[in-house]
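J.: structure for the following, please:
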Amino acid sequence: NCLKMSSAQFPPFHKQTVYAPSDTNQMAPKLPPASLELEYIYGSSRKGCKGDIMKVNNRGHLVYPSAACAIVFDSQRNTQKIYREHTDDVQCIASHPNNQVFATGESGIGDGVIHVWNSNDLRTLATVNTSRWFKSGGVIAMAFSPDGALLAAVGGNPLDSQLLVFDWENGTLVASTRCSNRRTFYLDWNPIDNTIVWLGKGELKFFEVSNGAIRAQQGDLASLGDAQSFYDVVFNPVSGNSYVSTKEGNVYIFKANRMIGKKQLHNGAIYCLASSQDGFVSSGKDGLVKIWKFDMRPGVEFTQNGELNVGYAVDSCIAGPDSVVFTRGYYNNRLERFDPQSGRDELISLGHSAESNRTELWALDTVPNSNLFFSAGDDGRIMLWNKKSRYPVSSRRVPRTQFRGISVTPNGAQVAVSTMSGDVFVYNVQDFTGGEPDEQPNPQTSFRAGTEEIRVMRFSPDGTMLAVGSRNGKIYIYNVQNGYSKVTTLEGHTSCITALDWSTNQTYIQSTSGDSSYELLYWEVASASPVKQVTAMRNVEWFTQTCPLGWTVRGIWDMREYKNGTEINAVGVNFERNLIAYVDNSGDVNLCRYPTLSNNPPRSKFMGHCSRATNVAFSTDGEHLFTCGAEDLSIFQWKIVRNHEPLDEVPQTRQERRQALNESVKQMSDSTKNPQLGRSSVLFRTTAKEYGSKPVNQVSRHTTWRGIDGKFSKGFIGGMYRNNSLNTSQSRNRVLKDTGFSNMDNTL
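T.: Model prediction:
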């Protein structure tokens, strides 16, 4: 059926009428002719994370949170598998004793969710809705019991947290208790004495779960130590002693809940302790990564076996059989691997970073006719990426500079980058090859376009002019061939410039503004004057389509979600002119057929960013879409999948997804009535009745335990020693008799 409409005033907050091109053949709207698959995440945002948040699975692959996702990273092949069932920031992760199953918990007031999933095939095994207990906050920390049957979780108000213990296989709440009025840093489960160790700011506690109840004991410092921030813990595999890291650089040694000694390991806070094959690794504020070996001689406990001077504070690390991977802080996206035997330090992942959660990432653009694309952020970094190899080509940094906009010339020779203060730097693209990471680049030229934020820039189709849109509502035009001299200024917007496009013949510019004005204006560049006869612009062909207002894009404004025009942050149309992608403040990536032929056309929605998604760009070969997130500081590389089977209905929004979860996962009745069994209603949504990689009926008591060489080796899983290794002396412990552990690929 044909739709007969030649003009519209839509969305409602846009007071201007937009007109259809005269030759538009408007057929009934259809779903987009393609879908998206998340192929890779550049960066590893860990906003809100505390404690040791890097893990290793049974295949030797890194597992860590990023934005609203969890990444399973094969660093040898530089490939990722991405778990995407969360709808908010993933801020904690726990590893099952089999190292195959993981639990991830998300932030969010009233809707904190825990997913238990298989890291090998990304299947969800169970979903736990914690909103009944964690009403004023999300999930803060988690730990599996030594046998993997129970899952402990701390969450809710960070200053009035709760501790819950679930039988995640059977869908029951075993026990719950108030945890602490101090901030939580870490949670772990002692494999020897079966106690839960909670660490926080100025306090540590030891919890014992028995007969459906939890008994709490304060950490007794016994006049040997001082109350301070306690960050991480590892356990002695023989004595069961707990080694707790502190703010002052000591490790406090506990027997049960009583302190029996301490050792100075670092000068300054020890942020991370990670179990290794025969000891543990420590890292901290002093920039040192130290390797320790357990020493069972009386009073010795452990001795140093090596160290690496990183040069900056290391907040998280993980130890493999022959290497250590570490990262700097929760706002830093740099992952490095250290080989203690050779002393080699290797960079395996790089991204934008920050010193606080106020740093954002907005600037994104592709290099035409290549596999390359640029990003630039508030951290002062300009990064060039290769989508095919999925490695950064280079990273340049301008200190004390916040970048907000970027544009590459149509011939791919130059790139212009703009700042929060109105400065524009122009670089030769070829200068972004080689060099050291974060080397300061030398611009070809620089100039100032006003004194306010510049988020939007576009080169003309032939690359001879550059249009710069400022927060002051003005658009500045520069002559590229004349050393970027200013040609003219376009004045008429009443608010900040949010997008602009050149016409294919370079005669006109269309631009939009935000901050409640929501204007779409057209400009004649030669006269620097606005076009008053808007109907004359209906047949103009635009070189790009990034403006979120207009006839061909009006359908992106679904008024069930977008109420006032501030929600959509960026728009992009592919070079085949049949797909439009746009990103919004919820972090969603949306895909429609272009042009949009109705006010509410069918669309596909894709989640992953944890907060505002700020920019979008198609590769010129039509194979990929790139999006970036403001606070998660990550760039998502989406593979465009053609000729997919269309969906029967519009995918759920985040809010609809959360509501569906609340409806499908019933709340438990009062757990005090039957705290041990708790089977009065279903708490979990479980897709497969599994215990790790084996059905429940194949789970038995501990009979054999095989390491990487196939020989019996207590405390090893696939050649890696774990914090929560099994205590074979306790009859309640269970493991899988999985001979696959004897030939795992341990390639960290």
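J.: wait, isn't Thr445 in contact with Tyr427?
T.: No. Judged on Cβ atoms under 8 Å, Thr445 makes no contact with Tyr427 at a distance of 9.2 Å. Any C-beta I mention is one placed from the backbone N, CA and C, and that applies to glycine too.
J.: those two - which one has more neighbours?
T.: Relative neighbour count places Tyr427 above the other of Thr445 and Tyr427, with 20 against 14, counting by other Cβ atoms under 10 Å.
J.: restricting to C-alpha, output the helix or strand hosting Asp188 in CSV.
T.: Assigned by DSSP states H and E, Asp188 belongs to strand 184-189. Output of strand 184-189 as CSV, limited to C-alpha atoms (Å, rounded to 0.1, in the frame of the first residue of the first chain):
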residue,chain,number,x,y,z
THR,A,184,32.0,-2.9,50.0
PHE,A,185,35.3,-3.6,48.2
TYR,A,186,35.3,-7.4,47.9
LEU,A,187,33.6,-10.7,48.7
ASP,A,188,35.1,-14.2,48.6
TRP,A,189,34.5,-17.7,50.0
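J.: partner strands of it, with direction?
T.: strand 195-200 (antiparallel) (DSSP bridges).
J.: related to what we said a few turns ago, next, the buried residues of the strand holding Asp188.
T.: Residues of strand 184-189 classed as buried: 184-189 (neighbour count, 16 or more other Cβ atoms under 10 Å).
J.: residue ranges with poor pLDDT in this structure?
T.: Scanning the chain for pLDDT under 70 picks out the ranges 1-5, 25-29, 45-48, 50-51, 109-111, 328-332, 355-357, 643-748.
J.: thinking again about what came up before, distance to Phe575 for the buried residues of strand 184-189 - can I get that in TSV?
T.: Below are the buried residues of strand 184-189 laid out as TSV (distance: Cβ to Cβ, whole Å):
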residue	distance to Phe575
Thr184	49
Phe185	48
Tyr186	48
Leu187	49
Asp188	51
Trp189	53
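J.: for the nearest residue to Gly514 once chain neighbours are set aside, grab phi and psi.
T.: Spatial nearest neighbour of Gly514, chain neighbours left out: Thr498 (4.5 Å); criterion: Cβ to Cβ, 6 or more residues apart in numbering. Main-chain torsions, Thr498, degrees, to the nearest 10: phi -110, psi -20.
J.: count of residues packed around Thr498?
T.: Applying other Cβ under 10 Å, I find that Thr498 has 28 neighbouring residues.
J.: ok, Ser131 next?
T.: Ser131 has 21 neighbours, counted by other Cβ under 10 Å.
J.: now for His96: which residues touch it?
T.: Shown in contact with His96 (Cβ atoms under 8 Å, 6 or more residues apart in numbering): 102-103, 144, 148, 692.
J.: how about the secondary structure of Val553?
T.: Under the three-state scheme (DSSP: H, G, I helix; E, B strand; the rest coil), the conformation of Val553 reads as helix.
J.: wouldn't it be in contact with Gly572 here?
T.: No. At 10.5 Å, Val553 does not count as touching Gly572 under the criterion of Cβ under 8 Å.
J.: overlap in contacts, the two.
T.: 545, 580.
J.: so where does Phe575 fall, helix or strand?
T.: Assigned by DSSP H and E, Phe575 falls outside every helix and strand.
J.: is it correct that it is in contact with Glu623?
T.: No. Assessed by Cβ under 8 Å, Phe575 is found out of contact with Glu623, at 10.9 Å.
J.: and the helices in this protein?
T.: 654-664 (DSSP state H).
J.: out of the buried residues of strand 184-189, who's nearest Ile406?
T.: Ranked by distance to Ile406 (Cβ to Cβ), the buried residues of strand 184-189 are led by Phe185 at 37.3 Å.
J.: let me know whether the closest one touches Val233 as I believe.
T.: No. Contact between Phe185 and Val233 fails when scored by Cβ under 8 Å: they sit 9.8 Å apart.
J.: which residues are in contact with each of the two?
T.: Joint contacts of Phe185 and Val233 (Cβ under 8 Å, 6+ apart) are Leu199.
J.: contacting residues around the residue nearest to Gly514?
T.: Contacts of Thr498 by Cβ under 8 Å, 6+ apart are 455-456, 469, 512-514, 548.
J.: take those residues and keep only those in strands.
T.: 455-456, 469, 512-513 (DSSP state E).
J.: need these in a markdown table (columns: neighbour count and distance to Val398).
T.: A markdown table is the format used below for these (neighbours: other Cβ atoms under 10 Å; distance: Cβ to Cβ, whole Å):
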| residue | neighbour count | distance to Val398 |
| --- | --- | --- |
| Arg455 | 24 | 17 |
| Val456 | 27 | 20 |
| Gly469 | 30 | 21 |
| Thr512 | 27 | 29 |
| Ser513 | 23 | 28 |
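J.: out of the residues you listed, who's nearest Thr124?
T.: Nearest to Thr124 among the ones in strands among the contacts of Thr498, with distances taken as Cβ to Cβ, is Arg455, at 37.9 Å.
J.: and the closest one, how close does it get to Ser513?
T.: 11 Å (Cβ to Cβ, to the nearest Å).
J.: just Val289 next, same as before
T.: Applying Cβ to Cβ, the value for Val289 to Ser513 is 50 Å.
J.: alpha carbons only: can I get stretch 95-114 in CSV?
T.: Provided in CSV are the C-alpha atoms of stretch 95-114 (Å, rounded to 0.1, in the frame of the first residue of the first chain):
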residue,chain,number,x,y,z
SER,A,95,33.9,-17.4,38.9
HIS,A,96,32.5,-20.9,39.6
PRO,A,97,35.1,-23.4,40.8
ASN,A,98,35.0,-25.1,37.4
ASN,A,99,36.1,-21.8,35.8
GLN,A,100,33.5,-22.3,33.1
VAL,A,101,30.5,-20.8,34.7
PHE,A,102,30.4,-17.1,35.8
ALA,A,103,27.9,-14.9,37.6
THR,A,104,27.7,-11.2,36.7
GLY,A,105,25.7,-8.6,38.6
GLU,A,106,24.5,-5.3,37.5
SER,A,107,23.9,-1.9,39.0
GLY,A,108,20.6,-0.1,39.1
ILE,A,109,18.1,0.9,41.8
GLY,A,110,15.2,-1.6,42.1
ASP,A,111,16.3,-3.8,39.2
GLY,A,112,19.7,-5.3,40.0
VAL,A,113,19.9,-8.6,38.2
ILE,A,114,22.4,-11.5,38.5
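J.: mind listing what's buried in that stretch?
T.: Of the residues in stretch 95-114, those buried (16+ other Cβ under 10 Å) are 95-108, 111-114.
J.: now do stretch 385-400
T.: So, applying 16+ other Cβ under 10 Å, buried residues of stretch 385-400: 385, 387, 390, 392-396, 398.
J.: now do stretch 572-585
T.: In stretch 572-585, counting by 16+ other Cβ under 10 Å, buried: 572-574, 579-585.
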